[in-house]
Structures are given as C-alpha cells and as structure tokens.
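*Asks:* Give me coordinates for this.
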Amino acid sequence: MASVNPFNVSDSEEEVERLPNETVHTRRSPSDGAPGPPPGNPFSPPTEADRPTLLLSGNRTSPSGEGISAAAPSAMAGNVETRVSVDVIAAQLLRDQYILTALEFHTELLEAGRELPRLRDYFSNPGNFERQSGTPPAKDQAPGPGGPLNRAGSISTLDSLDFARYSDDGNRESDERVAVLEFELRKAKETIQALRANLTQAEESEVPSQERKNFKSSPEIQEPIRPLEKRALNFLVNEYLLKNEYKLSSITFSDENDDQDFELWDDVGLNIPKPPGLLHLYRNCGTPLPPPRDTVDASVGVDLGDLPGNCIAQDLPKKPGLSQKQQTEVVQELEYQISLLNNEKQRLAEQIRKLQSEIQTLKRSVSILPPATLDQDSQNTSNPPSSSTTTTSNNPLSVPPADNGQYLDIRGGSELETELGPPSAEKASQSHPQSHSKLKNRPLVQFDQPNRKLSPAFQQALLSFCRMCSDSRLGAEVSRIADSEESVMLMLGRCLPHIVPNVLLAKREELIPLILCTACLHPEPKERDQLLHILFNLIKRPDDEQRQMILTGCVAFARHVGPTRVEAELLPQCWEQINHKYPERRLLVAESCGALAPYLPKEIRSSLVLSMLQQMLTEDKADMVREAVVKSLGIIMGYIDDPDKYSQGFELMLLSLADPSERVVNAVHQVFIPAFAAWTTELGTLHTALIPSLLARIEKLLMQGEHSLDEHKLHVFLSALQSLIPPLFAVVLQNAPFTNRVKLHSDVPAIEVTRFPRPASPLQDVATLIGSREMLSALLLLYDHQLEHEGTTGWDSLLWVVNQLLPQLIEIVGRINVTSSTCLHEFSRFFWRFCRTFGKIFTNTKVKPQFQEILRLSEENVDASAGNGILTKATVPIYATGVLTCYNQEEDRKLLVGFLEDVMTTLSLSHAPLDSLKASFVELGANPVYHELLLTVLWYGVVHTSALVRCTAARMFELLVKGVNETLVAQRVVPALITLSSDPEISVRISTIPAFGTIMETVTQKELLERVKMQLASFLEDPQYQDQHSLHMEIIRTFGRVGPNAEPRFRDEFVLPHLHKLALANNSQTVESKRIDIATQLFEAYSALSCCFISEEVMVNHFLPGLRCLRSDMEQLSPEHEVILSSMIKECEIKVENRGMADAQGSMSIASSLVGEDAKTKFLSKMGQLTTSGAMLANVFQRKK
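*Replies:* Next up, the predicted model:
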C-alpha cells in the first residue's frame, strides 16, 4: 500500500513518561473545529489532542478484542472511565516505534478475525522497511518516527545481507550488477501496477451518498454494477461452468471477456477474498448474516445503565445504517487514502528513474559498489517480510503461485533483498503458507571475514578470477537455489525439457518419477501439458518394461489429480499418438486407455475412449496393438454403465473375434468376453439377449451354408458361446432358490481340482465370478443337493438352460455335416465344457436324457428307416465325444462302450452310412486314453454273429491304426485282423485289406510287417481269390493309397511287381466292366506311385511294363487316359536314359578327379619344400623365362 507514513505526528521519549500522568481526553467532534481527519474514521491518524491515555495496569480486555478499558486514577476529575479503540492503540505503538509489539498485536487481531487496516497497510508496505537514501520525502510528509525504518549499519537483518559480497562466490562482474538492477526495476514496475489497481479499486468504492440513499429507499432501483463486482461475478460464473462440464459455454464466455484472466482470482483485485462459489451463495442467499454484536466491558455488580454512554456510541459507526454525516466522513477517508497512494506512486516513479539512470551508468563504465558493513556481533534480527507472510498465511483461498522468485540467489544481495523482502499485496495473496513458514524459519547464513585490510575494489577484482557464469540459461538456474516446493516445481518445469534429450534412451525411464511429480504439482497448464507430452515421447520405441513404468506413472498421476485433469491433460496425449508410425507408441496408447479407465469420467469412458479403441481395432495393422486394444476394451466393459452401449459392445466382440490374428482372438476370450458377460449379467441380458443372439447367428450360418459351410464363422460364434458357459453357470448359482441358505463355515469341503475345466483366464474362473472359492464350494453343495433331491421348481435360470438352451443346441447339432471334422470338434468341445461346468448330476439327469430320447437306440428300431436318420448325423459323434466322455469313471466308460456298440450294430444291420461312427472313432482316437476302449468296441464287432457288423469292425480298424502305438497294434489289432481275414464271409476278408495296408504304411516293426505282407500275399496268390474282382479292386486301391508312404523295400519288392501282374492279367479280362474298373484303379495307383523314387531295375522290369499293359487297355477303353499314359511312359524312359548317361559321366568324373588329386599332391609337396621366406614364396608364382 502507501509508502507515506500515515502517522504524521511528533513523538518524543518524554511522551512515554508523560502518558500515565495525563488526563483522559475525549475525542473531539467535527463541530469543534479540530483539525485533522474526522473522528468517525477508523483509518485516520489521531492528532496530539486525540491521543488517549494508556494505563498499563488494571486494564481488562473485552472478549471480542474491541479495545482496552482504561481506568483513570482517582485524582482525575469525575473518575471518568473511557474505552480506547484498537486503532488508537495501534497508532500509539507505531508512533512509539514498538514495531514488534505492533506486529504481535496485528497477528492476534488476524487470528481473532478482525484485521485492522492501519496495521495491514503498515506491514504490507515495503517502503516502511527499506533504506530511503537518495529519495527525498514528500513535501507534505514529515520524517517522523512513524516513517521509514533506517537501517543501522551494526544490525544484520535478512534483507541487509549482501550474499554476493560475503559468499564463497566472491565478487561479481558489473554485468551481474546490471542484471540485479534490471530485476529490481521489474519488481518496482510490478509494484506500481499493483498500486494502480488498488487505487482504481479505492476509486470504485466511492459512491455518492445521495445515490446510496436512493438505492436504500427505493429497492426497485438497481445499483449499477461496479467493474470490480463485474470481474468477480465473471470469475464465479466461469468457475461454475467449468465445474459442471459446460466447457463450450465457458470457452465462449472467456472469449467475450478477453480482458480478464479466469485462471487467477487475484486478477479480479488485490486483497479481495474469494467467495465460496455460486452454488454456495445460492444456497445461503435466504439466510442473512448475523448482525454484529455490540460488546462492552462489564464488571460484577454493575448494571447496564451504569455504563458510560460513549462505550456504546463508539460502536455505532459499525452498524449497517450510516447517517449522511458518517457517509461524508467515509468519503473523506477514502480521498485521504487516494492521496497517500498518489504519493507512493510518485515516490516509486522517482525510484524507477533513479534505477534506470544507474543501469545506464553501469553499462557505460565499470564501477565497483562498496560492500555493506556486516556486524558479526549482532544476534537479534527482525524479519518484517515474515510478518507480512504471516498475515497472508491464514487465507485458505490462496491459489498456487506463479514463479514469484522465492529463491536463494547467489548472484547478488540486492536481488535477494527484493525477492525476500515484503511481497506486494498481489503476491502475498498468492503465497503458499508452508513455503513462507519454511522461508521464515530458515536461519541466516553468516560467513567469517578475514582480519585483512584489502580494499573492496581489490577484493572484488580478486574474486573475479573465479570462473562463474550466470548469464546463460543454465547459469541462471544454477546460480539460484529454490527455497520452496512451488519454486522447485517451477525449476523442474523449466529444466526437464532440456535434460530429457541428453539422457540415454535406455535409461530415460529413470526420469519418469521426476516428470510425473512436476506435471502433478506444476501450477501452469501449459507447462503440465509439455511435461506430459515429454512423458509419452520419452522413449522412441519403449519396450514392455518401459511401457509398464510409463503406465504405472500415468495411473499414479490419475489418482493424484482426479478425473477432470485426466480428461483434460492425459487423454489428449493419447489421442495425439493414436496414429504414430511406431507400433510401440500406439501400443502404449492402447494400454493407457485401459489403465486409465477407472479414473476417467464415465461419460468420457463410454464415448471418447470407446471410440478411440474402436478406431484402433479396425485400422491398426499391428497384431500386438490390436491385442492391447481388445484387453483395454475389456477393462472399459468392466466400468461402463450405459445400457445403450450394449449393442456397440456386442459388435466389438464379433469384430475382434473375426480378427485374423490368433493372439487377438485369445485376448478376446481371456478379457473382453468375460468382462462383457459380467456387464450383461448385471443388465440381466446374458441369457435373454447375448446367448440367443449367438445361437441365432449359428442357425443362420447353417441354413445359408448347407453345401459350403463357412467353418471359420462357425468357429467364431461357437468359441464365443463356449466362453460364456462359466458366466451362465454363475448366473444359475446366484439366482438359485438356495442362495439365502448359504452359510460359510470352516468345514466346507474344498472343490476338486478337476471339477471345472481349466479356464482360459482368471476372469473365466467360476470362483472369481462368484467371489471366492469358499462361497463357490458352499453353493455347489446346495446345487447338487437341489438337483438330486428337490428338483428345479422355481429355478428360472436353470429351467431356461434345460428347456430352451439345450433343445436348441441339440437341434443345431443335427444340422451339421457329419463329414466336417472341424465343426464336430468345436461342438464336441463345447458340450464337454458345458457338461463339466454344470456338473455330473446335471449331465446325467438333464443332458443325457434329451440326447437318448432323440437317438432311440432300441432293438425294435433297427429296421425302421425313420428311426435311423438321426444316427447318420452329427448328433452321434457329438453325444459320444462331448457328453459321454465328460467323466471317466467305470460306469461312464461302460456307457460309452455300450453306445458305440449299439450304433455300430444298428448302422451295420440297417445298411446305413458309417460316417457318424467313423467321425466318433476319429475324434476319440485322437486321445490315447480311449484307444483301449475303442479296441474293446471293435473286438465286440469282430466276434459279432452278423457278417455286416464284422465288416464294419474291419473297416473301423483302418481309422484306429494310425493313432495307436505299435504295441497295441501287435497285440490287439493284427490278431483281430488276421481273425477277420480267415472269416467265412469273403466280404469280411476283403474289408480287412485297407487296415492291413495302413499297418504297412505306419508300422516299422519288421516282424509285424512280414506278417501283414504274408497275409496280403495270400490274398494275391491264393487261387481262390483269382476271380475275386472286388478283392482285386480293394488291393489296387490300397496299394495306390499306401504305396508312396510305405517302406521303399516293400514298395519295390511287393507293391510294384503285383501291380504289374494285375495289369498284365487285366489285358486278358473278358468282362468289359470289370476290365475298365481295374484299369481305372490301376491308373490312379500308377499316378500316385510315379512321384516316388524307383530304382532303374524296378523301373525297367515292373513299372514301365505295367504302364504299357495299362496303356493297351486304355487304348480301347479310354483314349483320354491313353494320352496321359503315353506321356508318363515317355518320361520314365527319359529318366532311365539319363541315369545311364549320368553313370557314364560319373565314371569319367572319377578318373578326372584322380588326375586332379595327383596334380594337387605334386603342388602341395613343392610348397612344403619351401622356407617361410616371403621372397621365395613369391618366386613360386613367377613366370619362367
């Protein structure tokens, strides 16, 4: 505030001694013609006549601190008691130079909530504590004792220390002094600006008394808004718009008021407390503030009427209703303060001119400033700036400060004085309490001075040889040390952008804590944005560990700053990197969206973030990025609560399941589907919308692809349905009738390890979905008891599974093509997981009966064609492999064996296709656990009374041989086949040929191969089979199938010679139909064997003669095949010729190699005779002359 001393009165040492003996003077009224400000003004300085008497003994302070009641001595006339106001006491303390007492008094008033303007103006005015040399006082200002405090040379105060002269750094160059003076000039200009704003406020507060009277008398006439009020209301309105998410309105409002800074309340005005907010004002607008209470001093036994009248009259000016006279006095006081501010303005302008001239002088010539005298003996130092900060520390509405220069600067003492001196009112309102309290408590640093008589100029010149640099950016940062948390944050914000590019890429993650802490606590939004940009661009291509560190930091940042700043500061960084050229950076964005999901506003979570991830899922080409996107989408699904987003989530699930990358699909099953299912469970749409939607798509796919089924799409839908089994079972348990009877106790048995299928992820674990394994165990006990003893009455969720889901699934299974092994495998896995999840009792009582009712495997239905249709469909293998294999106990295995035996018998006796039985054997044969069981079923067929069943068993061995180990083949398969090969029925014997051929293709035991070879030779050479056309057809077909993969010796010595014999015999076949059948099969067999390596002897003796015999048949029966056979014969002949030439060339190459070896031996022997001399070695390669 003003630098002119407002207490323009004289004082002396005798005054203190004279005070107790003076009579009490009452305050003169304005009508008495006393000079000076009016008495009603609490800000005016009292005159000599107004000076009250202070009795330091026998005084009683009122509880409210209104004043001090002073009793006059009995010698005084009338024993008049008077009440002294706190303003008079403050004036007296300042006049008598009791500065510390006045500071204590000011602090106590602040703590009581009663700030005295006189003390506030005095202690917030830097001019009262600065050296005034060179600046003459104003003409109307007498330099009394209340004026500026002149510093004594023997007193060492904080702002009188010259750290540049008495520090280890020594003397400074003249340009450093110029920098200090420029800093002081800037601070002075800021002070002028603050005083100008304060002056404007004071002028605004002046309202003509007549207008104010008119406003009070006529409420309908609205008082015009003042500029200060307008700025305050603008700030509150903008704050309300931001807090309530009206961001566009806030931006528009800010543009319309571009002359105001809405981020800083102090821009409204100086020393103006911030109101609580529009909402608080609205809620409390109908509650009037309690009127100020009139407090008086009272003693025991004194009536209220006995109190002096001036005790109450003194408080009248504080009441809201002011008379015309009092209003005039207030206006006069304000005019007086305006004059004080004008004087301060003139003084500062003069000081600025002086500083500017000094700067110019220093720039022209180098001058050495004399060092200040530092008294080492002084111990008691006063710190007025600390008291100034104390006045502001009680303001809870202070905002984080800007860079207000609170540093320990080692560059110069004057700059330190300016920075640590009393801050202006604007900066005092911004100061943080903790930083100032630390600054106040920091002890002064003193240095020992040598007992030398060096001149200051010599000492300064000597210290100039210390090489220091403070004129660069880094030098400026190094030369001043931060002394508060805010200053540290500001320093880090300035330095980190220069540090990061110079750190090794492999070690940049070490900077993450620094960047995050600075971004959290920095007061400037632009600096925070820059720091977060550095964080996301810290590493060019961050690896997995580095990304984890950055994500951990982002989550810590989000927890610290809250959802609003996460949306405003972190999400834009993610959006900028969404199309980055490096996949590691896009991967960081995808992972950040999931990690930040819990800390975002729910509207942003379900709109902007969801759209970002959807865009990356559809556009990104990197598998690892899409995988992270799917996982983040799963996390979003775990926090979303907008039911309208269900359809978008369902489409995202289908889109991600159709991804070509396997790792993306795995992420869908591990994270996305469980999270999406959990949300649909809360919505109640898991079994009413999600599962029916997938079933409808499967049915539509089967209807459209009767001839060419899209197996990939079927796999996508069925795998999604399979991942929904655990959530469905959890819903069944949670909605069961017995949930209210669940009691957790210590003796609940543990869940068997094999009770549930192994989950793809923890999110698909039923225990995780229920809440705990103890709760799941208790529920399973009640679940099994309910199914076994009480039934499903009233159990809506389970009834839906039994009555709607299962029948629809069985109907879908009947539509599948039984030859599609992929579809069969998918549905088999689905039913297996379904039955294992819902339990054995459910499978036995609910699932198996529905399949058995459809299959109808009774003896009386063997010949009924209507009852056998279902046996040829995929229902048989899926029931056998998906339902009957769920449990592997003895009764379950017996049930499976009986079912397969019944199916084999039924299909064989009804001459139905065996595709369903073959599919069952192939699916079960893939698991070695079932090999013994299948062999048991086949042995049942071997010994069956019906030749049709024995034929079926013989053909099933062909499917089983490939997966069975050789021991079982030798012990169980070959004996059964040999038994069937001697069967009375020729059809049974013929049915064993494919199985024998498969053994020749897969088995390596020589003894076993010889046994099979002998059996096949008996078929070919036994006279009883010479006219068996079907046997010959089966043998040729088998040879063509197994010949390329069989042992070469078996192929050369057995297969090709017998094919030659069969081709030669077919030339003399008289039945044309048989001849063409044999010729066609021979053509297929020779085509397959032509790709094998055949020795020249076998080629000449068997392969080519067989082809020529076959060509002679085809010339008459199929000319188009004859052309192909002619080309095959020509190629084989060329191969034979080339091999002969190659053999001849091989013998020549052997001879030439012998000659070459002889020459090489001679050369090396000559080289070995040489010494190691380089010259001699060079002579070896010289040309002879």
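*Asks:* rest of the way, CA atoms for contacts and neighbours
*Replies:* OK.
*Asks:* The helix or strand harbouring residue 553 - contacts with which helices or strands?
*Replies:* Assessed by DSSP states H and E, residue 553 sits inside helix 544-561. Secondary-structure packing of helix 544-561 (3 or more Cα pairs under 8 Å, 6 or more residues apart in numbering; DSSP states H and E): helix 512-521, helix 583-595.
*Asks:* Mind checking what helix or strand follows that helix in sequence?
*Replies:* helix 563-565.
*Asks:* What helices and strands are in contact with that next one?
*Replies:* So helix 563-565, by 3+ Cα pairs under 8 Å, 6+ apart, packs with no helix or strand.
*Asks:* Which parts of the next helix or strand after that helix count as buried, going by neighbours?
*Replies:* Proceeding N to C from helix 563-565, the next assigned helix or strand is helix 571-576, under DSSP H and E. Buried residues in helix 571-576, defined by neighbour count with 16 or more other Cα atoms under 10 Å: 571, 573-575.
*Asks:* picking up where we left off before, please work out which of the helices and strands packed on helix 544-561 is packed deepest.
*Replies:* helix 583-595 (a mean of 25; mean count of other Cα atoms under 10 Å).
*Asks:* quick check: mean pLDDT across it?
*Replies:* In this model, helix 583-595 has a mean pLDDT of 92.
*Asks:* Remind me what the helix or strand that that helix is followed by packs against, helices and strands.
*Replies:* Of the helices and strands lying after helix 583-595 in sequence (DSSP H and E), the nearest is helix 602-605. Helices and strands touching helix 602-605, as assessed by 3+ Cα pairs under 8 Å, 6+ apart, are absent.
*Asks:* got a list of contacts for helix 602-605?
*Replies:* Applying Cα atoms under 8 Å, 6 or more residues apart in numbering, the contact partners of helix 602-605 are 567, 597, 636, 640-641.
*Asks:* again, but for stretch 953-964
*Replies:* 918, 921-922, 925-926, 928, 931, 938-939, 941-942, 969, 973, 977, 980, 988, 991-992, 994-996, 998-999, 1002.
*Asks:* mind saving the C-alpha coords of the helix holding residue 553 as PDB?
*Replies:* Output of helix 544-561 as PDB, limited to C-alpha atoms (Å, rounded to 0.1, in the frame of the first residue of the first chain):
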ATOM      1  CA  ASP A 544       7.500 -53.900 -22.400                       C
ATOM      2  CA  GLU A 545       9.200 -52.900 -19.200                       C
ATOM      3  CA  GLN A 546       9.400 -49.200 -20.100                       C
ATOM      4  CA  ARG A 547       5.800 -49.100 -21.100                       C
ATOM      5  CA  GLN A 548       4.900 -50.600 -17.800                       C
ATOM      6  CA  MET A 549       6.800 -47.900 -16.000                       C
ATOM      7  CA  ILE A 550       5.000 -45.200 -18.000                       C
ATOM      8  CA  LEU A 551       1.600 -46.800 -17.400                       C
ATOM      9  CA  THR A 552       2.300 -47.000 -13.700                       C
ATOM     10  CA  GLY A 553       3.200 -43.400 -13.700                       C
ATOM     11  CA  CYS A 554       0.100 -42.400 -15.600                       C
ATOM     12  CA  VAL A 555      -2.100 -44.300 -13.100                       C
ATOM     13  CA  ALA A 556      -0.400 -42.600 -10.200                       C
ATOM     14  CA  PHE A 557      -0.900 -39.200 -11.900                       C
ATOM     15  CA  ALA A 558      -4.600 -40.000 -12.400                       C
ATOM     16  CA  ARG A 559      -5.100 -41.000  -8.800                       C
ATOM     17  CA  HIS A 560      -3.400 -37.800  -7.700                       C
ATOM     18  CA  VAL A 561      -5.100 -35.200  -9.900                       C
END
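*Asks:* Tell me which residues of that helix come out buried.
*Replies:* 546-548, 550-558.
*Asks:* related to what we said a few turns ago, could I get the buried residues of helix 571-576 as CSV with pLDDT and distance to residue 1068?
*Replies:* Formatted as CSV, the buried residues of helix 571-576 follow (pLDDT from 0 to 100; distance: Cα to Cα, whole Å):
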residue, pLDDT, distance to residue 1068
571, 88, 87
573, 88, 87
574, 87, 83
575, 87, 83
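*Asks:* and of the residues you listed, the nearest to residue 761?
*Replies:* Ranked by distance to residue 761 (Cα to Cα), these are led by residue 574 at 28.0 Å.
*Asks:* Correct me if wrong: the closest one contacts residue 587.
*Replies:* No. Applying Cα atoms under 8 Å as the test, residue 574 and residue 587 come out as separate, 10.4 Å apart.
*Asks:* Could you name every residue contacting both of the two?
*Replies:* Common neighbours of residue 574 and residue 587 (Cα under 8 Å, 6+ apart) do not exist.
*Asks:* and the angle for the helix holding residue 553 with helix 583-595?
*Replies:* Helix 544-561 runs at 40 degrees relative to helix 583-595, counting by axes from the mean of the first three to the mean of the last three Cα atoms, to 10 degrees.
*Asks:* I would like the residues contacting helix 544-561, please.
*Replies:* 509, 512-513, 516-517, 520, 535-536, 565-566, 570, 588, 591-592, 595-596, 599.
*Asks:* Could you rerun that using 7 Å?
*Replies:* 509, 512, 516, 520, 566, 588, 592, 595-596, 599 (Cα atoms under 7 Å, 6 or more residues apart in numbering).
*Asks:* now, among those residues, which is nearest to residue 1121?
*Replies:* residue 588 (63.6 Å).
*Asks:* could the helices and strands packed on helix 544-561 be laid out in CSV, adding distance to residue 454?
*Replies:* Listed next are the helices and strands packed on helix 544-561 as CSV, based on distance: least, Cα to Cα, whole Å:
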stretch, distance to residue 454
helix 512-521, 46
helix 583-595, 64
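*Asks:* pLDDT score assigned to residue 659?
*Replies:* Value listed for residue 659 in the pLDDT field: 91.
*Asks:* can I see the domain layout of this structure?
*Replies:* 229-280, 927-1026 (the TED database).
*Asks:* Out of these, which is closest to residue 890?
*Replies:* Here domain 927-1026 is closest among those (Cα to Cα), at 11.2 Å.
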